[in-house]
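Structure for the following, please:
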Amino acid sequence: MPATVLIVDDEKHTREGLMLALEDEYDVYLASDAEEAFRLMDSEPFDVVLTDLRMAGKSGMKVIEKAMSLPRQPIIIMMTAYGNVETAVEAMKRGAYDFLTKPVNLEKLELLIKRALKDRNTQVQVEHLQQRLDNKFSFDGIVGNSPALADVIDKVRLVAPTRTSVLIEGETGTGKELIAQAIHQNSDRARRPFIAVHCASLASNLLESELFGHERGAFTGANERRVGRFEAADNGTLFLDEIGEIDASTQVKLLRFLETRSFERLGSVKPIKVDVRLVAATNRDLEKMVKEGTFREDLLYRLNVVKLTMPPLRDRPDDIPVLLNHFIKQFAEENNVPQVEIEPDAMKTLQAYRWPGNIRELRNFAENTVVMKRGGRLSLYDLDHRFIENPQPDQAAVQSMPMSNPLSVEENEKRLLRNALVQAKGNRTQAARLLGMSRRTLHRKLNQWPDLDVR
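Sure thing, here's the model as predicted:
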(Lines give C-alpha, C1' and ligand atoms only; values in the text may rest on other atoms or scores of the structure.)
Protein backbone atom coordinates (compact mmCIF):
# COMPACT_ATOMS: atom_id res chain seq x y z
CA MET A 1 0.00 0.00 0.00
CA PRO A 2 1.56 3.36 -1.03
CA ALA A 3 2.36 6.02 1.55
CA THR A 4 -0.08 8.93 1.78
CA VAL A 5 1.11 12.50 1.21
CA LEU A 6 -0.83 15.69 1.96
CA ILE A 7 0.32 18.79 0.04
CA VAL A 8 -0.75 22.11 1.61
CA ASP A 9 -0.17 25.22 -0.52
CA ASP A 10 -2.34 28.19 -1.48
CA GLU A 11 -0.76 28.36 -4.96
CA LYS A 12 -2.77 26.13 -7.32
CA HIS A 13 0.00 25.47 -9.86
CA THR A 14 2.46 24.58 -7.07
CA ARG A 15 0.02 22.08 -5.50
CA GLU A 16 -0.79 20.41 -8.79
CA GLY A 17 2.83 20.41 -9.98
CA LEU A 18 3.96 18.65 -6.82
CA MET A 19 1.06 16.17 -7.14
CA LEU A 20 2.11 15.28 -10.71
CA ALA A 21 5.67 14.68 -9.51
CA LEU A 22 4.63 12.41 -6.61
CA GLU A 23 1.38 10.65 -7.59
CA ASP A 24 3.06 7.77 -9.45
CA GLU A 25 4.62 6.61 -6.17
CA TYR A 26 2.34 7.96 -3.44
CA ASP A 27 -1.34 8.45 -2.66
CA VAL A 28 -1.50 12.26 -2.85
CA TYR A 29 -4.10 14.62 -1.29
CA LEU A 30 -4.30 18.40 -1.82
CA ALA A 31 -5.31 21.28 0.50
CA SER A 32 -5.45 24.94 -0.56
CA ASP A 33 -5.12 26.33 2.97
CA ALA A 34 -4.55 25.33 6.60
CA GLU A 35 -8.28 24.92 7.41
CA GLU A 36 -8.78 22.43 4.58
CA ALA A 37 -5.62 20.62 5.73
CA PHE A 38 -7.05 20.38 9.27
CA ARG A 39 -10.25 18.75 7.97
CA LEU A 40 -8.29 16.23 5.90
CA MET A 41 -5.95 15.38 8.78
CA ASP A 42 -8.95 14.79 11.03
CA SER A 43 -10.44 12.32 8.54
CA GLU A 44 -7.34 10.62 7.06
CA PRO A 45 -4.07 9.38 8.60
CA PHE A 46 -1.17 10.78 6.52
CA ASP A 47 2.40 9.53 6.34
CA VAL A 48 3.84 12.82 5.05
CA VAL A 49 2.58 16.41 5.20
CA LEU A 50 4.31 18.81 2.76
CA THR A 51 3.25 22.35 3.69
CA ASP A 52 4.03 25.88 2.57
CA LEU A 53 5.07 28.31 5.30
CA ARG A 54 3.30 31.52 4.21
CA MET A 55 -0.31 31.12 3.10
CA ALA A 56 -3.48 33.19 3.20
CA GLY A 57 -5.10 32.64 6.56
CA LYS A 58 -3.25 30.40 8.99
CA SER A 59 0.44 29.74 8.32
CA GLY A 60 2.31 26.49 7.82
CA MET A 61 3.43 26.66 11.47
CA LYS A 62 -0.21 26.06 12.46
CA VAL A 63 -0.27 23.04 10.14
CA ILE A 64 2.76 21.68 12.01
CA GLU A 65 1.05 22.25 15.37
CA LYS A 66 -2.07 20.42 14.17
CA ALA A 67 -0.07 17.51 12.75
CA MET A 68 1.93 17.13 15.98
CA SER A 69 -1.30 16.98 18.02
CA LEU A 70 -2.56 13.90 16.14
CA PRO A 71 -2.37 10.43 17.72
CA ARG A 72 -0.43 9.21 14.66
CA GLN A 73 1.95 12.02 13.83
CA PRO A 74 2.94 12.37 10.16
CA ILE A 75 6.36 13.35 8.83
CA ILE A 76 6.30 17.11 8.19
CA ILE A 77 8.36 18.86 5.50
CA MET A 78 8.20 22.64 5.35
CA MET A 79 8.40 24.63 2.08
CA THR A 80 8.88 28.37 1.73
CA ALA A 81 10.16 31.00 -0.66
CA TYR A 82 11.44 32.89 2.35
CA GLY A 83 13.98 30.37 3.50
CA ASN A 84 16.25 31.42 6.32
CA VAL A 85 18.01 29.79 9.24
CA GLU A 86 15.62 31.19 11.86
CA THR A 87 12.56 29.82 10.06
CA ALA A 88 14.19 26.41 9.62
CA VAL A 89 15.14 26.23 13.32
CA GLU A 90 11.63 27.25 14.40
CA ALA A 91 10.02 24.65 12.10
CA MET A 92 12.35 21.93 13.47
CA LYS A 93 11.56 22.93 17.05
CA ARG A 94 7.87 22.50 16.35
CA GLY A 95 8.37 19.04 14.87
CA ALA A 96 9.24 19.41 11.17
CA TYR A 97 11.47 16.68 9.74
CA ASP A 98 13.22 18.97 7.23
CA PHE A 99 12.99 22.26 5.35
CA LEU A 100 12.99 23.06 1.62
CA THR A 101 13.10 26.41 -0.19
CA LYS A 102 10.99 27.27 -3.22
CA PRO A 103 11.13 26.61 -6.07
CA VAL A 104 11.31 23.03 -4.82
CA ASN A 105 13.89 20.74 -6.40
CA LEU A 106 11.69 17.74 -7.22
CA GLU A 107 14.55 15.22 -7.24
CA LYS A 108 15.68 16.44 -3.83
CA LEU A 109 12.09 16.31 -2.55
CA GLU A 110 11.61 12.69 -3.68
CA LEU A 111 14.87 11.64 -2.03
CA LEU A 112 13.91 13.49 1.15
CA ILE A 113 10.50 11.77 1.37
CA LYS A 114 12.07 8.33 0.83
CA ARG A 115 14.68 8.98 3.51
CA ALA A 116 12.04 10.28 5.92
CA LEU A 117 9.81 7.21 5.41
CA LYS A 118 12.80 4.90 5.88
CA ASP A 119 13.73 6.70 9.11
CA ARG A 120 10.11 6.42 10.29
CA ASN A 121 10.02 2.67 9.60
CA THR A 122 13.28 2.22 11.48
CA GLN A 123 11.94 4.23 14.40
CA VAL A 124 8.75 2.15 14.50
CA GLN A 125 10.78 -1.07 14.47
CA VAL A 126 13.02 0.18 17.28
CA GLU A 127 9.98 1.22 19.34
CA HIS A 128 8.37 -2.16 18.70
CA LEU A 129 11.51 -4.00 19.80
CA GLN A 130 11.83 -1.76 22.83
CA GLN A 131 8.22 -2.49 23.76
CA ARG A 132 8.88 -6.21 23.44
CA LEU A 133 11.89 -5.82 25.74
CA ASP A 134 9.82 -3.84 28.23
CA ASN A 135 7.17 -6.57 28.22
CA LYS A 136 9.65 -9.45 28.39
CA PHE A 137 11.64 -8.01 31.26
CA SER A 138 8.81 -6.37 33.16
CA PHE A 139 7.91 -7.85 36.52
CA ASP A 140 4.83 -9.40 34.91
CA GLY A 141 7.17 -11.14 32.45
CA ILE A 142 8.94 -13.06 35.24
CA VAL A 143 7.01 -16.31 35.54
CA GLY A 144 6.33 -17.84 38.94
CA ASN A 145 4.47 -17.22 42.20
CA SER A 146 6.64 -18.93 44.81
CA PRO A 147 7.51 -16.93 47.97
CA ALA A 148 11.25 -17.24 47.25
CA LEU A 149 10.86 -15.74 43.77
CA ALA A 150 8.44 -13.07 45.03
CA ASP A 151 11.08 -11.99 47.57
CA VAL A 152 13.64 -11.55 44.76
CA ILE A 153 11.18 -9.51 42.65
CA ASP A 154 10.34 -7.26 45.61
CA LYS A 155 14.04 -6.50 46.03
CA VAL A 156 14.44 -5.88 42.29
CA ARG A 157 11.60 -3.33 42.42
CA LEU A 158 13.47 -1.46 45.15
CA VAL A 159 16.96 -1.59 43.66
CA ALA A 160 16.21 -1.13 39.92
CA PRO A 161 15.73 2.68 39.97
CA THR A 162 19.02 3.25 41.84
CA ARG A 163 22.71 3.28 40.78
CA THR A 164 23.58 0.57 43.32
CA SER A 165 25.76 -2.39 42.33
CA VAL A 166 23.96 -5.73 42.61
CA LEU A 167 25.31 -9.26 43.12
CA ILE A 168 23.04 -12.11 41.99
CA GLU A 169 23.81 -15.54 43.41
CA GLY A 170 22.33 -18.84 42.32
CA GLU A 171 22.89 -22.15 40.61
CA THR A 172 23.41 -22.35 36.86
CA GLY A 173 20.14 -22.00 34.96
CA THR A 174 18.12 -20.25 37.69
CA GLY A 175 17.57 -17.08 35.64
CA LYS A 176 20.28 -14.73 36.92
CA GLU A 177 20.64 -12.93 33.57
CA LEU A 178 16.85 -12.53 33.34
CA ILE A 179 16.90 -10.73 36.70
CA ALA A 180 19.84 -8.57 35.58
CA GLN A 181 17.85 -7.59 32.47
CA ALA A 182 14.83 -6.80 34.64
CA ILE A 183 16.96 -4.51 36.82
CA HIS A 184 18.16 -2.67 33.71
CA GLN A 185 14.79 -2.53 31.96
CA ASN A 186 13.04 -1.11 35.02
CA SER A 187 15.63 1.63 35.58
CA ASP A 188 16.14 5.02 33.96
CA ARG A 189 18.88 3.35 31.87
CA ALA A 190 16.36 1.20 29.98
CA ARG A 191 16.92 3.04 26.68
CA ARG A 192 20.69 2.77 27.02
CA PRO A 193 22.90 -0.31 26.41
CA PHE A 194 22.64 -3.53 28.39
CA ILE A 195 25.87 -5.43 27.79
CA ALA A 196 26.49 -8.92 29.13
CA VAL A 197 29.93 -10.49 29.50
CA HIS A 198 30.23 -14.17 30.40
CA CYS A 199 33.54 -14.14 32.22
CA ALA A 200 33.97 -17.92 32.26
CA SER A 201 33.89 -18.08 28.45
CA LEU A 202 37.00 -15.90 28.02
CA ALA A 203 40.60 -16.73 28.82
CA SER A 204 42.06 -14.51 31.55
CA ASN A 205 44.48 -12.84 29.11
CA LEU A 206 41.54 -11.85 26.88
CA LEU A 207 39.03 -10.85 29.55
CA GLU A 208 40.91 -7.71 30.65
CA SER A 209 41.07 -6.44 27.06
CA GLU A 210 37.42 -7.36 26.52
CA LEU A 211 36.33 -5.35 29.56
CA PHE A 212 38.63 -2.34 29.42
CA GLY A 213 39.79 -2.23 25.79
CA HIS A 214 43.33 -1.69 24.55
CA GLU A 215 45.49 0.69 22.57
CA ARG A 216 47.22 -0.21 19.36
CA GLY A 217 50.46 -2.05 20.14
CA ALA A 218 49.45 -2.82 23.75
CA PHE A 219 50.38 -6.47 23.15
CA THR A 220 51.25 -8.78 20.29
CA GLY A 221 48.36 -8.82 17.84
CA ALA A 222 46.87 -5.51 19.04
CA ASN A 223 46.89 -3.90 15.59
CA GLU A 224 44.28 -1.26 16.35
CA ARG A 225 42.59 0.44 19.25
CA ARG A 226 39.70 -1.54 20.77
CA VAL A 227 36.84 -0.08 22.80
CA GLY A 228 36.05 -2.29 25.80
CA ARG A 229 32.71 -3.30 27.24
CA PHE A 230 32.85 -0.62 29.96
CA GLU A 231 33.01 2.14 27.35
CA ALA A 232 30.31 0.49 25.25
CA ALA A 233 28.02 0.34 28.30
CA ASP A 234 28.41 4.05 29.16
CA ASN A 235 25.14 5.37 30.67
CA GLY A 236 23.81 1.80 30.65
CA THR A 237 24.28 -1.47 32.53
CA LEU A 238 27.18 -3.93 32.40
CA PHE A 239 26.32 -7.49 33.47
CA LEU A 240 29.30 -9.63 34.48
CA ASP A 241 28.18 -13.26 34.64
CA GLU A 242 30.30 -15.81 36.55
CA ILE A 243 32.26 -13.05 38.29
CA GLY A 244 34.00 -15.69 40.41
CA GLU A 245 36.05 -16.77 37.38
CA ILE A 246 38.03 -13.53 36.93
CA ASP A 247 41.75 -13.57 37.75
CA ALA A 248 43.59 -11.46 40.33
CA SER A 249 44.76 -8.80 37.84
CA THR A 250 41.24 -8.17 36.51
CA GLN A 251 39.87 -8.13 40.07
CA VAL A 252 42.23 -5.23 40.90
CA LYS A 253 41.11 -3.24 37.83
CA LEU A 254 37.46 -3.94 38.58
CA LEU A 255 37.89 -2.80 42.18
CA ARG A 256 39.55 0.41 40.97
CA PHE A 257 36.62 1.10 38.64
CA LEU A 258 34.10 0.62 41.45
CA GLU A 259 36.05 3.05 43.63
CA THR A 260 36.78 5.76 41.01
CA ARG A 261 34.29 5.07 38.19
CA SER A 262 37.24 5.24 35.79
CA PHE A 263 39.72 2.86 34.15
CA GLU A 264 42.58 2.80 31.64
CA ARG A 265 42.74 0.86 28.42
CA LEU A 266 45.57 -1.68 28.21
CA GLY A 267 48.65 0.16 26.96
CA SER A 268 47.43 3.56 28.20
CA VAL A 269 47.73 5.60 31.40
CA LYS A 270 44.92 8.00 30.49
CA PRO A 271 41.88 7.47 32.74
CA ILE A 272 38.50 7.12 31.07
CA LYS A 273 35.46 8.03 33.16
CA VAL A 274 32.14 6.35 32.41
CA ASP A 275 28.70 6.11 34.02
CA VAL A 276 28.05 2.36 34.17
CA ARG A 277 25.73 0.45 36.48
CA LEU A 278 27.40 -2.86 37.40
CA VAL A 279 25.41 -6.05 37.99
CA ALA A 280 27.38 -9.24 38.67
CA ALA A 281 26.32 -12.86 39.01
CA THR A 282 27.93 -16.06 40.25
CA ASN A 283 27.14 -19.70 40.90
CA ARG A 284 30.09 -19.97 43.30
CA ASP A 285 30.43 -19.21 47.02
CA LEU A 286 32.41 -15.96 46.91
CA GLU A 287 32.74 -15.78 50.70
CA LYS A 288 34.39 -19.20 50.67
CA MET A 289 36.66 -18.03 47.83
CA VAL A 290 37.66 -15.02 49.96
CA LYS A 291 38.68 -17.36 52.78
CA GLU A 292 40.64 -19.47 50.29
CA GLY A 293 42.41 -16.35 49.01
CA THR A 294 41.14 -16.63 45.42
CA PHE A 295 38.76 -13.65 45.53
CA ARG A 296 39.42 -10.20 46.96
CA GLU A 297 37.44 -9.38 50.07
CA ASP A 298 37.33 -5.63 49.27
CA LEU A 299 35.97 -6.40 45.78
CA LEU A 300 33.27 -8.63 47.26
CA TYR A 301 32.18 -5.79 49.56
CA ARG A 302 31.97 -3.41 46.59
CA LEU A 303 29.96 -5.85 44.47
CA ASN A 304 27.76 -7.07 47.28
CA VAL A 305 25.95 -3.80 48.09
CA VAL A 306 22.65 -5.55 47.36
CA LYS A 307 22.59 -9.35 47.12
CA LEU A 308 19.85 -11.30 45.40
CA THR A 309 19.71 -15.08 45.74
CA MET A 310 17.91 -16.97 42.98
CA PRO A 311 16.09 -20.05 44.30
CA PRO A 312 16.72 -23.37 42.50
CA LEU A 313 13.76 -24.88 40.70
CA ARG A 314 13.58 -27.82 43.12
CA ASP A 315 12.60 -25.29 45.81
CA ARG A 316 9.82 -23.89 43.58
CA PRO A 317 7.69 -26.98 42.74
CA ASP A 318 4.49 -24.95 42.56
CA ASP A 319 6.06 -22.80 39.82
CA ILE A 320 6.83 -25.79 37.57
CA PRO A 321 3.32 -26.09 36.01
CA VAL A 322 3.22 -22.33 35.39
CA LEU A 323 6.68 -22.34 33.78
CA LEU A 324 5.92 -25.41 31.66
CA ASN A 325 2.68 -23.93 30.35
CA HIS A 326 4.47 -20.64 29.62
CA PHE A 327 7.27 -22.30 27.63
CA ILE A 328 4.95 -24.74 25.85
CA LYS A 329 2.77 -21.84 24.68
CA GLN A 330 5.86 -19.89 23.58
CA PHE A 331 7.40 -22.75 21.59
CA ALA A 332 4.08 -23.79 20.08
CA GLU A 333 3.64 -20.26 18.70
CA GLU A 334 7.25 -20.10 17.46
CA ASN A 335 6.96 -23.45 15.67
CA ASN A 336 3.35 -22.96 14.51
CA VAL A 337 2.20 -26.25 16.08
CA PRO A 338 -0.63 -27.05 18.52
CA GLN A 339 0.07 -26.80 22.23
CA VAL A 340 0.75 -29.94 24.26
CA GLU A 341 -1.42 -30.76 27.26
CA ILE A 342 0.36 -32.41 30.20
CA GLU A 343 -1.68 -35.04 32.03
CA PRO A 344 -1.97 -34.66 35.84
CA ASP A 345 0.16 -37.74 36.69
CA ALA A 346 2.92 -36.56 34.36
CA MET A 347 2.80 -33.07 35.87
CA LYS A 348 3.09 -34.47 39.41
CA THR A 349 6.13 -36.47 38.35
CA LEU A 350 7.72 -33.40 36.74
CA GLN A 351 7.08 -31.42 39.92
CA ALA A 352 8.80 -34.12 41.99
CA TYR A 353 11.88 -34.11 39.72
CA ARG A 354 14.89 -32.17 41.07
CA TRP A 355 15.73 -30.33 37.79
CA PRO A 356 19.52 -30.09 38.29
CA GLY A 357 19.72 -27.79 35.24
CA ASN A 358 16.97 -25.60 36.73
CA ILE A 359 14.88 -23.39 34.40
CA ARG A 360 17.28 -23.91 31.51
CA GLU A 361 16.67 -27.68 31.67
CA LEU A 362 12.91 -27.21 32.02
CA ARG A 363 12.86 -24.84 29.05
CA ASN A 364 14.72 -27.37 26.88
CA PHE A 365 12.30 -30.09 28.02
CA ALA A 366 9.33 -27.91 27.04
CA GLU A 367 10.80 -27.19 23.59
CA ASN A 368 11.52 -30.88 22.99
CA THR A 369 7.98 -31.79 24.07
CA VAL A 370 6.39 -29.25 21.73
CA VAL A 371 8.50 -30.30 18.75
CA MET A 372 8.18 -34.06 19.27
CA LYS A 373 4.54 -34.29 20.39
CA ARG A 374 3.10 -31.58 18.07
CA GLY A 375 -0.09 -31.24 20.04
CA GLY A 376 -1.90 -33.99 21.91
CA ARG A 377 -1.24 -35.04 25.48
CA LEU A 378 1.93 -35.84 27.42
CA SER A 379 1.27 -38.82 29.67
CA LEU A 380 3.37 -40.39 32.40
CA TYR A 381 4.72 -43.15 30.17
CA ASP A 382 5.96 -40.51 27.66
CA LEU A 383 8.47 -39.22 30.20
CA ASP A 384 12.13 -40.15 30.08
CA HIS A 385 13.21 -42.59 32.81
CA ARG A 386 15.21 -39.85 34.61
CA PHE A 387 11.95 -38.23 35.67
CA ILE A 388 10.67 -41.38 37.40
CA GLU A 389 11.26 -41.50 41.15
CA ASN A 390 12.02 -45.30 41.21
CA PRO A 391 13.39 -46.22 37.75
CA GLN A 392 14.11 -49.91 38.52
CA PRO A 393 11.60 -51.27 41.07
CA ASP A 394 11.46 -54.91 42.17
CA GLN A 395 9.10 -57.05 44.22
CA ALA A 396 11.62 -57.44 47.05
CA ALA A 397 11.47 -53.69 47.60
CA VAL A 398 7.76 -53.95 48.28
CA GLN A 399 8.16 -56.80 50.81
CA SER A 400 11.08 -55.16 52.64
CA MET A 401 9.39 -51.78 52.95
CA PRO A 402 9.09 -50.80 56.65
CA MET A 403 5.62 -50.47 58.12
CA SER A 404 6.50 -47.01 59.36
CA ASN A 405 6.42 -45.72 55.78
CA PRO A 406 3.80 -42.95 55.57
CA LEU A 407 2.20 -44.77 52.61
CA SER A 408 0.47 -48.12 53.12
CA VAL A 409 1.98 -51.28 51.63
CA GLU A 410 -0.82 -51.31 49.06
CA GLU A 411 -0.15 -47.70 48.05
CA ASN A 412 3.56 -48.36 47.73
CA GLU A 413 2.93 -51.47 45.66
CA LYS A 414 0.64 -49.52 43.35
CA ARG A 415 3.32 -46.86 42.95
CA LEU A 416 5.96 -49.48 42.07
CA LEU A 417 3.63 -51.12 39.55
CA ARG A 418 2.88 -47.81 37.86
CA ASN A 419 6.57 -46.84 37.71
CA ALA A 420 7.45 -50.19 36.15
CA LEU A 421 4.72 -49.79 33.55
CA VAL A 422 5.89 -46.26 32.78
CA GLN A 423 9.50 -47.37 32.36
CA ALA A 424 8.33 -50.23 30.12
CA LYS A 425 6.17 -47.77 28.14
CA GLY A 426 3.08 -49.86 28.80
CA ASN A 427 4.66 -53.21 27.82
CA ARG A 428 3.28 -55.62 30.44
CA THR A 429 5.79 -58.40 29.77
CA GLN A 430 8.73 -56.03 30.28
CA ALA A 431 7.08 -54.47 33.36
CA ALA A 432 6.56 -57.90 34.92
CA ARG A 433 10.23 -58.73 34.27
CA LEU A 434 11.31 -55.49 35.99
CA LEU A 435 9.14 -56.33 39.00
CA GLY A 436 10.33 -59.94 39.20
CA MET A 437 6.82 -61.37 38.86
CA SER A 438 4.98 -63.37 36.23
CA ARG A 439 2.90 -61.69 33.58
CA ARG A 440 -0.16 -63.50 34.95
CA THR A 441 0.41 -61.98 38.42
CA LEU A 442 0.81 -58.53 36.91
CA HIS A 443 -2.37 -59.04 34.87
CA ARG A 444 -4.25 -60.03 38.02
CA LYS A 445 -3.06 -56.94 39.89
CA LEU A 446 -4.02 -54.68 37.00
CA ASN A 447 -7.51 -56.20 37.05
CA GLN A 448 -7.56 -55.38 40.78
CA TRP A 449 -6.33 -51.80 40.17
CA PRO A 450 -7.46 -50.91 36.60
CA ASP A 451 -6.49 -47.23 37.05
CA LEU A 452 -2.82 -48.23 36.99
CA ASP A 453 -2.73 -49.37 33.36
CA VAL A 454 -0.92 -46.71 31.32
CA ARG A 455 -1.52 -48.17 27.87
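
Now do the same for residue 436: its pLDDT.
Predicted confidence (pLDDT) for residue 436: 71.

can you offset everything so residue one is 370?
Sure, I'll start counting at 370 from here, so that last one is residue 805.

ok, now how distant is it from residue 785?
11 Å (CB to CB, to the nearest Å). (Each C-beta comes from the backbone N, C-alpha and C, glycine too.)

for residue 818, same thing?
12 Å.

Compare those two (neighbour count), which wins?
Comparing residue 818 with residue 785 by neighbour count (other CB atoms under 10 Å), the higher total belongs to residue 785, at 19 against 13.

Name the SS class of residue 541, please.
coil (DSSP: H, G, I helix; E, B strand; the rest coil).

next helix or strand past the host helix or strand of residue 553?
Per DSSP states H and E: residue 553 is located in helix 545-554. On the C-terminal side of helix 545-554, the closest following helix or strand by DSSP H and E is strand 563-567.

give the contact list for the closest residue to residue 643 other than its chain neighbours.
Nearest residue to residue 643 in three dimensions, chain neighbours excluded: residue 603, at 4.4 Å (CB to CB, 6 or more residues apart in numbering). Listed by CB atoms under 8 Å, 6 or more residues apart in numbering, the contact partners of residue 603 are 561-562, 643-645.

Of the residues you listed, keep whichever come out buried.
561, 643, 645 (16 or more other CB atoms under 10 Å).

pLDDT and distance to residue 744 for these - can I get that in TSV?
Formatted as TSV, those follow (pLDDT from 0 to 100; distance: CB to CB, whole Å):
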residue	pLDDT	distance to residue 744
561	90	42
643	94	51
645	95	47
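
Let me know the closest of the residues you listed to residue 478.
residue 561 (35.7 Å; CB to CB).

I'd assumed residue 643 was in contact with the closest one.
No - between residue 561 and residue 643 there is no contact under CB atoms under 8 Å: 11.5 Å.

Can you work out which residues contact both of those two?
603-604.

What pLDDT is listed against residue 503?
So residue 503 comes in at 54 (pLDDT).

What of the one 3 residues further on?
Note on residue 506: pLDDT of 54.

residue ranges with poor pLDDT in this structure?
451-454, 494-510, 758-781, 820-824 (pLDDT under 70).

Would you map out the domains in it?
373-498, 508-680, 683-756, 764-821 (automatic domain parsing).

what are the phi and psi values for residue 535?
phi -130, psi 140 (degrees, to the nearest 10).

Could you pull out the strands in this protein for me?
Using DSSP state E, the strands of the chain run over residues 373-377, 396-400, 417-421, 444-449, 467-470, 535-538, 563-567, 606-610, 631-632, 641-642, 646-651, 675-678, 710-711, 746-747.
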